[in-house]
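1. Provided below for reference: sequence and predicted model.
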Amino acid sequence: MRGDGWALRRHGTTTRPLADPSISATRGHRAALDVLRTSNRLWTYLSPAELIAPGERTGRYRIGGDQPVRDTDGHSRISIEDAAVALLDEVEVPRFIQRRFTIGY
């Protein structure tokens, strides 16, 4: 599972473009999301936080729409463990059918 990777990543108060390979992946995921949005299929699209890495499983996370979920310091992050919890929560109780949702702390 992989999110669409955001086109810009925050660094303090400034933003800068992602490295070229990431931009290509971002465009591919964005194109896939566009295909899903115009299809007649049932789908759900999970975009994890900008930073997703191994960490603690807390079972707590916040949900957003089409924008990254940021913490009080402006960081968009989540552990792989909590991303798995969010995915399984959506599988067990679908709330985002034919919609994209984002997760983070």
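-> Cool, the structure landed.
2. What's the biggest strand in this protein, counting residues?
-> The longest strand of the chain (DSSP state E) is strand 99-104.
3. Let me see the contact set for the closest residue in space to E81 that isn't next to it in sequence.
-> Leaving aside its chain neighbours, E81 sits nearest to R57 (3.5 Å; criterion: Cβ to Cβ, 6 or more residues apart in numbering). (Each C-beta comes from the backbone N, C-alpha and C, glycine too.) Residues near R57 by Cβ atoms under 8 Å, 6 or more residues apart in numbering: S79, E81, D82, A84, V85.
4. of all the residues you listed, which comes closest to A32?
-> The nearest member of these to A32, counting by Cβ to Cβ, is A84 at 21.0 Å.
5. Which neighbouring residues are in contact with the closest one, exactly?
-> R57.
6. tell me which element it is part of?
-> According to DSSP states H and E, A84 maps onto helix 80-92.
7. What mean pLDDT does that helix get?
-> Rounded to a whole number, the mean pLDDT of helix 80-92 is 97.
8. Could you tell me which residues within that helix count as buried?
-> D82, A83, V85, A86, E90 (16 or more other Cβ atoms under 10 Å).
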